[in-house]
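**Q** Quick one, structure for this:
(chains A, B and C)
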Amino acid sequence: MTVTEEPTLQPGYKQVGSRPIRPDGVEKVTGKARFGADLYLPGMLYGSVLRSPVAHAKIVSIDTTAAAQMPGVKAIVTGDDFPDLAASGGRPDQVFLSQNIIARDKVLYEGHVVAAVAAGSVKQAKAAADAIVVEYEAIDHVLTVDEAMADGAPLLHAGMITRGVDPAPEEPSNVANRIVHERGDLDKGFADADVVIEREYTTKPVHQGYIEPHAAVADVNLDGRASLWCSSQGHFSMRTLTASVLGWDASRLKVTPAEIGGGFGGKTTIYLEPLAVALSSKAGHPVKLVMNRDEVFKATGPASGTRIKVKMGVNNDGMLTAADIWMAFEAGAFPGSPVGAAGMTIIAPYDIPNFFVEGFDVVVNKPKVAAYRAPGAPMAAFAVESMVDELALAIDMDPVELRLKNAAIEGTQASYGPKFARIGFVETLEAIRDHDHYQAELGPNQGRGIASGFWFNAGMNSSATVHVNEDGNLTVLVGSPDIGGSRASMALMAAEVLGIGYERVNPIVADTEAVGFNDVTGGSRVTTATGAAVIQACETIKTDLLARAAKTWDVPIDEVEWVDGQAQHTKGSETPLSLAKLAAAWGRTGGPISATAALNSRGAGAGFSTQMCDVEVDPETGVVTVLRFTTAQDAGTAIHPSYVEGQMQGGVVQGIGWALNEEYVHNDDGTLANASFLDYRIPVASDLPMIDTVIVEVPNPAHPFGVRGVGETGIVPPLAAVANAVSAATGCRHLNLPMSPIVVLEAINQRNEKG
Amino acid sequence: MSRTHLTCTINGDEVEFLTEADTSLLNALRDDVGLTGVKEGCGTGDCGACSIMLDGQLTNSCLVFAPEAQNADITTVEGLAESDVLHPLQQTFLEGAALQCGICTPGFLVAAKALLDNNPSPTETEVRYALAGNLCRCTGYDKIVRSVLDAAAAMNGASS
Amino acid sequence: MATVKVQLAAAVRSLTNGESKVEIEAENVQGLIKALDERFPGLGEMLSEGTSIAINGTIMADAIYESLPDGAEVHFLPTLAGG
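**A** Sure thing, here's the model as predicted:
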């Protein structure tokens, strides 16, 4: 059994880089931790949501009279109970969000919310919801980019004129937006190439697959102040977005973060929250709304299905000379696919002098897509990394070697514009090349695939407050929900700055009234940005402690230094003062010891990953077994290596599922055929080997501890790594995902027929 | 409909509660007994987040009607620790970082305990197949499997 | 007053007569957008909405008051969401 690489504690760091038990761990292994559905309030009602059974229709009428008479029913809401943000001058994104929360004049996908009911029990609420009579007038629907972009396609939004096209089209269409990136001279680039290959790739919509369905409990007081308990990737965002849909001031709503059972981007937006608040407001009681798994698949935010055309050229020396890329991404019912980010990441790892990248954001009658871990990048990388694999084979060059020859480094002008700062792409390639997995022998029906990937990582806004308690221990309040062990990392960083033991730091995820504003836990930003806020607050406290020690000893402040958790007199004539001693005397030295930092974090470091996958394909069934997987990712500095490894491994396995099994299957009538974990098949433990991790550390110069975000990059390479491996194992190039057994078997049979 | 009165043993204690006859045992445990360690991830027996031991059998409590608990012996995640001492599985899960969001963890702990009760020295493959009924989306299973093997080793070491 | 080099994305080149690299004087990002709008009418509105900015390679959101060092290379980028 292979062992993961142990990064060494950075020279000079005493805590950062260690692997202590996370502070919220015991609650989570004893069943005490409270997730979204685990709150019970006195007098609480239960909600049920009525959803459209059809993919595209005009709502002719909604009749709630029968439902309102049913036992236990306390409140019913429809679109009429929510402000019309279009009429009141809301921004397009706000309008679309509010229309996604609850339909107004049209339903745009199966599962689109039409009404919601609050009653004494789930059973009562559901019975009442079923008794609401809705008259629909069906409209033709479109399910793919091809259907949506075809001439004469039924329109989801009347008057949608494609942005990003000059001159603007005269006729509306289902294409919301066009993005373009270009550089150099494409014709010259292809003329310079010795090999030019052209391919067309498709991927299907997939779901983030978090095990915890969405859940919220809303409690609106009769004075109008409201509390919301929900699991999310950012309770401040939940507050902002919910208030926007309701037409409220944000500060009227207090949001308390529940523990979150997985998000991966899918819980950075709202679904149930405004419904729960509106119902509670009408009913005068708390209301709990929980989705079932069917609703999660049908009516939350999957990742886009895509069609991507790639034409690339390489010369015999291995230099990539040109790339011509066309992409269409499904946005779902409302605009906003990640085609923009896909356009920016698709060739970002490479220094290609001539390229044209064009992408289209296309609406279809499916749920509005939401972020899924490096949104847009996995599909883009599937296409280009598969192409790079073919180019390497065509010029008989090692696939890592080809990537090294073209790799972006510090100072390379990124395909999306600015020059890269210090990055670790080359180091991840070298880590894979030098790993003993790379030399391991392969047997019959086995193949190896390599792929790389890039994600920007975000900075954005974070606030943190740090208190020194009377006993000299720290309380650290942050506003970033802990998805994957961030409390532990915050505690490690605070402990490192103040030179005290990790166990003396108590990190809390505080509600919207107890800590300053925080952007979402997503974008791989928490260790970077919230960490930076925690560090800054601790540095402020350290400075304060030095001043208090100076006052205590009656010496100038430049004679005081902070060493190993105590104030020490540089001249050595005073007994050192610990945090506890300084806390005990805080009344005399200025009052309690506390500091807040609030910042818009700059300089988030870009993340790169290179991955290597071995598969075996059963030629009789098409079943692909992943035999071995190694991932190398640049974390900058790994604050808590176990949780960095965890992010890497989780992203890889989601990518394996995306490559081999996962897809939304729609019936011709636009309804979803596989809205359960039985038929939407995510990887299970028996599908997989250990996922070997190599944490590469090329510190980010812009972060106090050199941190780079790690949450997302790991999902970018595996689609192509697996596809390249399957292609190598079978001799059949796969351009369409997922490579389910029947697809792989058909390809093998076709190849055999051709002889 | 009037509620059904049930008596059973949960985590070694006799428990009486009222529930609707057509409620799942999962919902009864959460809403009527107050044990929220069991989670609903799917409601169709596909994810294992609701795993309990029911009369010695690893069971998805979402697939069982509450009245089937009458006179039954039930173990949930809340019954794994002995007073203030964590079960070796709970300890190795913490040390091995076998949880990220933690929603699947109660189900995995119950399933892993069921495995080790029957097979104290499983191989990696046996662990993976025994846990194939529990979905995790965060970890990729690597650290979960290692932690189960570490717990088995610790438990075998302690008893020898 | 700093002189900065602005790289303009393909999407806005319709407003700039195809020019992609522009040297312009500005003290901060707000001033830069105003100066660009003066030179290329309509460009200001396109750059103010939902964009991040990269100054000498460092990407920032909400950077409207950020001051510009002399000789800086500036790119306007769409603001991205993570997951």
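
**Q** Going by C-alpha atoms from here, please, whenever you check contacts or count neighbours.
**A** Noted.

**Q** Tell me which helix or strand residue A:115 sits in.
**A** Element membership of residue A:115, judged by DSSP states H and E, is strand A:113-119.

**Q** Neighbours of residue 12, how many?
**A** You didn't say which chain, so I picked chain A. 7 (other CA atoms under 10 Å in any protein chain shown).

**Q** that answer is for a different chain, and I need it for chain B
**A** 11.

**Q** got it, and residue A:151?
**A** When neighbours are counted by other CA under 10 Å, residue A:151 comes out with 9.

**Q** what does residue C:19 give?
**A** Around residue C:19 there are 14 residues (other CA under 10 Å).

**Q** Tell me the buried residues in the strand holding residue A:115?
**A** Going by neighbour count (16 or more other CA atoms under 10 Å in any protein chain shown), the buried part of strand A:113-119 is A:113-119.

**Q** mind exporting that strand as CSV, just the C-alpha atoms?
**A** Presented in CSV, the C-alpha positions along strand A:113-119 are these (Å, rounded to 0.1, in the frame of the first residue of the first chain):
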residue,chain,number,x,y,z
VAL,A,113,-40.9,26.1,-7.6
VAL,A,114,-44.5,27.1,-8.1
ALA,A,115,-45.7,27.4,-4.5
ALA,A,116,-44.8,26.4,-0.9
VAL,A,117,-46.9,25.4,2.1
ALA,A,118,-46.3,25.5,5.9
ALA,A,119,-48.3,23.1,8.1
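
**Q** what about the following helix or strand past that strand, distance to the chain center?
**A** Next along the chain after strand A:113-119, taking DSSP H and E as the criterion, comes helix A:122-130. Distance of helix A:122-130 from the chain centroid (CA atoms, centre = their mean, to the nearest Å) equals 33 Å.

**Q** report the angle between the axes of helix A:122-130 and strand A:113-119?
**A** 140 degrees (axes from the mean of the first three to the mean of the last three CA atoms, to 10 degrees).

**Q** And residue C:50, what's its pLDDT?
**A** Residue C:50 is assigned a predicted lDDT (pLDDT) of 69.

**Q** would you put the C-alpha positions of stretch A:311-326 in PDB?
**A** Extracted in PDB, the C-alpha atoms of stretch A:311-326 (Å, rounded to 0.1, in the frame of the first residue of the first chain):
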ATOM      1  CA  LYS A 311      -8.100  22.600 -33.000                       C
ATOM      2  CA  MET A 312      -4.500  22.700 -31.900                       C
ATOM      3  CA  GLY A 313      -1.100  22.700 -33.600                       C
ATOM      4  CA  VAL A 314       2.300  21.500 -32.400                       C
ATOM      5  CA  ASN A 315       5.700  21.400 -34.100                       C
ATOM      6  CA  ASN A 316       8.000  18.500 -34.000                       C
ATOM      7  CA  ASP A 317      10.100  20.100 -31.300                       C
ATOM      8  CA  GLY A 318       7.000  19.900 -29.000                       C
ATOM      9  CA  MET A 319       6.100  23.600 -29.000                       C
ATOM     10  CA  LEU A 320       2.300  24.300 -29.100                       C
ATOM     11  CA  THR A 321       1.900  26.900 -31.900                       C
ATOM     12  CA  ALA A 322      -1.900  27.600 -32.100                       C
ATOM     13  CA  ALA A 323      -5.200  26.800 -30.400                       C
ATOM     14  CA  ASP A 324      -8.700  27.500 -31.900                       C
ATOM     15  CA  ILE A 325     -11.400  26.800 -29.400                       C
ATOM     16  CA  TRP A 326     -15.200  27.100 -29.600                       C
END
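
**Q** can you list the domain ranges for chain B.
**A** For chain B, automatic domain parsing gives the domain ranges B:4-79, B:88-159.

**Q** For chain C, which segments are assigned as strands?
**A** C:2-7, C:21-26, C:51-55, C:58-60, C:73-78 (DSSP state E).

**Q** what's the answer for chain B, then?
**A** Going by DSSP E, chain B shows strands at B:4-10, B:13-19, B:51-54, B:57-60, B:73-75.

**Q** closest to residue B:27 out of those?
**A** strand B:13-19 (9.1 Å; CA to CA).

**Q** Can you name the residue of chain B nearest to chain C?
**A** Closest approach between chain B and chain C, counting by CA to the nearest CA: residue B:138, at 13.6 Å.
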